[in-house]
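A.B. asks: Fold the following for me, if possible:
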Amino acid sequence: MYQILIGIILILGGTSYYLFDQNQTLIGNNAKLELAVEEQKQAIEAIRESYEKQGEALNNMSRANAAIEAEKERYLEIFKRHNLNLLAIKKPGLIESRINNGTKEVFEGLENDSKNITVSATDDNNN
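C.D. replies: All right, here's what the predicted structure looks like:
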């Protein structure tokens with residue numbers, strides 16, 4: 001009778017140890033999963049912020065593009081209204097100075113834009 005009681009105690013003790021060990025493993029796994037969930041939340045937040053910044057940049061670029069398109073249309077209207085060849089033949093001094101001044105403005109604008117792009121790219125690389 002004592003042997004059966006000792007056997008039952010040993011079986012219960014072994015089962016209890018096994019369940020305790022499984023519980024400790026599950027507690028450890030749960031902690032790892034909670035850490036992984038927190039990391040995923042941070043990653044999602046970083047992606048969301050990046051998405052918002054990209055959307056804002058895209059909107060800014062779209063507005064700038066619309067302004068450039070409007071300016072281009074304005075210049076094309078000027079060319080449609082004037083026969084530059086005829087004006088150049090009749091008044092070469094007037095046309096030459098205007099063309100030279102316009103070309104100078106365009107080149108300065110390109111130069112300034114190039115500087116801004118270079119500075120912006122340098123700033124992005126430093127971050």
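A.B. asks: Following element in sequence after the top helix by length along the chain, please.
C.D. replies: The residue-count maximum for a helix in the chain (DSSP state H) belongs to helix 2-81. From helix 2-81 onward toward the C-terminus, using DSSP states H and E, the following helix or strand is helix 84-90.
A.B. asks: Kindly export that following helix (C-alpha atoms) in CSV.
C.D. replies: What follows is helix 84-90 as a C-alpha-only set of coordinates in CSV (Å, rounded to 0.1, in the frame of the first residue of the first chain):
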residue,chain,number,x,y,z
LEU,A,84,10.2,86.8,-82.7
ASN,A,85,11.8,86.3,-86.0
LEU,A,86,10.0,89.4,-87.4
LEU,A,87,10.8,91.4,-84.3
ALA,A,88,14.4,90.3,-84.4
ILE,A,89,14.7,91.5,-88.0
LYS,A,90,13.0,94.8,-87.3
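A.B. asks: Check which helices and strands that helix sits against.
C.D. replies: Other elements packing on helix 84-90 under the criterion 3 or more Cβ pairs under 8 Å, 6 or more residues apart in numbering; DSSP states H and E are helix 92-126. C-beta: built from backbone N, CA, C; applies to glycine.
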